[in-house]
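K.L.:
Fold the following for me, if possible:
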Amino acid sequence: QVQLVESGGGLVQAGGSLRLSCAASGRTFSSYVMGWFRQVPGKEREFVAAISWSGGTSYADSVKGRFTISRDNAKNTVYLQMNSLKPEDTAVYHCAARFGVVATNSANYPNWGQGTQVTVSS
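P.N.:
Numbering: from 1, shown residues only. As a prediction, this is how the structure comes out:
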């Protein structure tokens, strides 16, 4: 099992940028598919982006061209660079980990961090 800790959330104006980080414990980080999901109260957890162990990426249509997921296996860390932020990006952002192939369904990820709040003001 892997432990995940997110950081980097905060309050930003629309059009601004934030970079989220997710630090993972364990020696097998490079073998994991890493994903970012977000959730607002009363709604289901929503897929944002994912990156495979080899660097292949997948994005939700709502963030394509604005968000970039990357990973540094030497630092056991995955990042989410968020540019051109919109008020509708406001949510708690969670990172998640799984073995296997990239998945967009949160049910396919057994390992989760506690989340970091991102608030975008208009």
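K.L.:
ranges for the helices of the chain?
P.N.:
Taking DSSP state H, the chain contains no helices at all.
K.L.:
residue nearest the centroid of it?
P.N.:
In the chain, the residue lying closest to the centroid (CA atoms, centre = their mean) is residue 36, at 2.3 Å.
K.L.:
In contact with that residue, which residues?
P.N.:
Residue 36 makes contact with 20, 22, 48-50, 69, 78, 80, 93-96, according to CB atoms under 8 Å, 6 or more residues apart in numbering. Quick note: C-beta positions are derived from backbone N, CA and C, even for glycine.
K.L.:
Neighbours of the closest residue to it other than its chain neighbours, how many?
P.N.:
Distances taken as CB to CB, 6 or more residues apart in numbering place residue 48 nearest to residue 36, at 4.3 Å, with adjacent residues excluded. A count of nearby residues for residue 48, using other CB atoms under 10 Å, gives 25.
K.L.:
is it true that residue 48 touches residue 61?
P.N.:
No: applying CB atoms under 8 Å as the test, residue 48 and residue 61 come out as separate, 10.8 Å apart.
K.L.:
wait, residue 72 sits on residue 79?
P.N.:
Yes: under the criterion of CB under 8 Å, residue 72 makes contact with residue 79 at 7.5 Å.
K.L.:
Between the two, point out the one with more neighbours.
P.N.:
residue 79 (20 against 11).
K.L.:
what sits against residue 71?
P.N.:
Here residue 71 is in contact with 34, 51, 55, 77-79 (CB under 8 Å, 6+ apart).
K.L.:
Now with 7 Å, please.
P.N.:
34, 51, 77-78 (CB atoms under 7 Å, 6 or more residues apart in numbering).
K.L.:
Please apply the same query to residue 32.
P.N.:
2, 53, 97-99.
K.L.:
Mind putting the residues you listed into JSON lines with pLDDT and distance to residue 117?
P.N.:
What follows is these, written out as JSON lines (pLDDT from 0 to 100; distance: CB to CB, whole Å):
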{"residue": "2", "pLDDT": "91", "distance to residue 117": "22"}
{"residue": "53", "pLDDT": "91", "distance to residue 117": "28"}
{"residue": "97", "pLDDT": "97", "distance to residue 117": "21"}
{"residue": "98", "pLDDT": "96", "distance to residue 117": "24"}
{"residue": "99", "pLDDT": "93", "distance to residue 117": "28"}
